[in-house]
Structure formats: structure tokens, C-alpha cells
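Attaching a predicted model along with its sequence, questions to come.
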Amino acid sequence: MDCPNCVLPRLDLSRLAARLREGANLMVGQPDYETYLAHRAKFHPDEIPMNPTEFFRNRENRRFGGGVETGGFRCC
């Protein structure tokens with residue numbers, strides 16, 4: 001419902017919260033899982049996507065170098 005006193009639409013707090021959470025996750029290196037799934041479905045439909053736990057661990061390892069292939073922890 002629009003505000004009767006102005007032309008601004010009513011603020012959708014749940015949508016705003018979701019966008020703020022998405023932005024905060026991107027700032028700390030955690031892309032959105034739903035965006036990942038949409039990308040996989042569009043560009044790699046024949047491959048099985050990671051589950052949420054695998055996705056989170058993959059992003060953490062890519063950011064902090066915790067995987068075996070990188071030789072251990074790194075911050076930056």
C-alpha cells in the first residue's frame with residue numbers, strides 16, 4: 001500500500017533486510033547461495049551444484065586459503 005500523503009511506496013522491511021544481509025555477506029566474501037544456484041542452472045545445467053554446506057566451505061577456503069591446494073591459512 002502506498003503512503004496517502006506522498007508518492008513514495010511503502011517500505012518493504014523484509015526485502016530491505018534480505019538486501020542488507022546479502023550486501024553484508026558479500027563484504028565478508030560470502031556470495032548468496034541462491035544466486036550461485038541460479039548461475040549453475042543457467043550456465044552449467046549438466047553439472048550437480050554444491051550443497052549449502054559445501055558452498056560455504058568452498059567460499060571460506062577460497063577467501064582464507066584453508067584448502068589443501070593452497071598450503072594452509074592466509075588472511076589476504
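Good, I have the coordinates.

any idea how far the residue positioned nearest the centre of the chain lies from N61?
The chain has D32 as the residue nearest its centroid, 1.5 Å off, counting by Cα atoms, centre = their mean. Here D32 is placed at a distance of 18 Å from N61 (Cβ to Cβ, to the nearest Å). For glycine as for every other residue, the C-beta is placed from the backbone atoms N, C-alpha and C.

now A24
Noted for A24: a distance of 20 Å to N61, by Cβ to Cβ.

What lies in contact with the one helix or strand T35 maps to?
Per DSSP states H and E: T35 is located in helix 33-43. Outside helix 33-43, the residues within contact range by Cβ atoms under 8 Å, 6 or more residues apart in numbering are E47, P49, M50, P52, F55, F56.

Which members of those residues occur in strands, if any?
Per DSSP state E, strands hold no members of the contacts of helix 33-43.

now these: which count as buried?
Among those, those classed as buried by 16 or more other Cβ atoms under 10 Å are M50, F55.

Let me have the contacts of helix 33-43 in JSON lines, adding distance to P9 and pLDDT as columns.
Listed next are those as JSON lines, based on distance: Cβ to Cβ, whole Å; pLDDT from 0 to 100:
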{"residue": "E47", "distance to P9": "40", "pLDDT": "96"}
{"residue": "P49", "distance to P9": "35", "pLDDT": "96"}
{"residue": "M50", "distance to P9": "37", "pLDDT": "96"}
{"residue": "P52", "distance to P9": "33", "pLDDT": "93"}
{"residue": "F55", "distance to P9": "34", "pLDDT": "92"}
{"residue": "F56", "distance to P9": "34", "pLDDT": "88"}
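
Just the CA atoms of stretch 34-51, as PDB, please.
Extracted C-alpha coordinates of stretch 34-51, given in PDB (Å, rounded to 0.1, in the frame of the first residue of the first chain):
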ATOM      1  CA  GLU A  34      20.500 -18.800  -4.300                       C
ATOM      2  CA  THR A  35      22.500 -16.600  -6.800                       C
ATOM      3  CA  TYR A  36      25.000 -19.400  -7.100                       C
ATOM      4  CA  LEU A  37      22.200 -21.900  -7.800                       C
ATOM      5  CA  ALA A  38      20.700 -19.600 -10.500                       C
ATOM      6  CA  HIS A  39      24.100 -19.300 -12.200                       C
ATOM      7  CA  ARG A  40      24.700 -23.000 -12.100                       C
ATOM      8  CA  ALA A  41      21.200 -23.700 -13.600                       C
ATOM      9  CA  LYS A  42      21.800 -21.200 -16.400                       C
ATOM     10  CA  PHE A  43      25.400 -21.800 -17.400                       C
ATOM     11  CA  HIS A  44      26.200 -25.300 -16.100                       C
ATOM     12  CA  PRO A  45      22.800 -27.200 -16.200                       C
ATOM     13  CA  ASP A  46      24.500 -30.600 -16.700                       C
ATOM     14  CA  GLU A  47      26.700 -30.300 -13.500                       C
ATOM     15  CA  ILE A  48      25.500 -31.000 -10.000                       C
ATOM     16  CA  PRO A  49      25.800 -27.900  -7.800                       C
ATOM     17  CA  MET A  50      27.300 -27.900  -4.300                       C
ATOM     18  CA  ASN A  51      25.000 -28.200  -1.400                       C
END
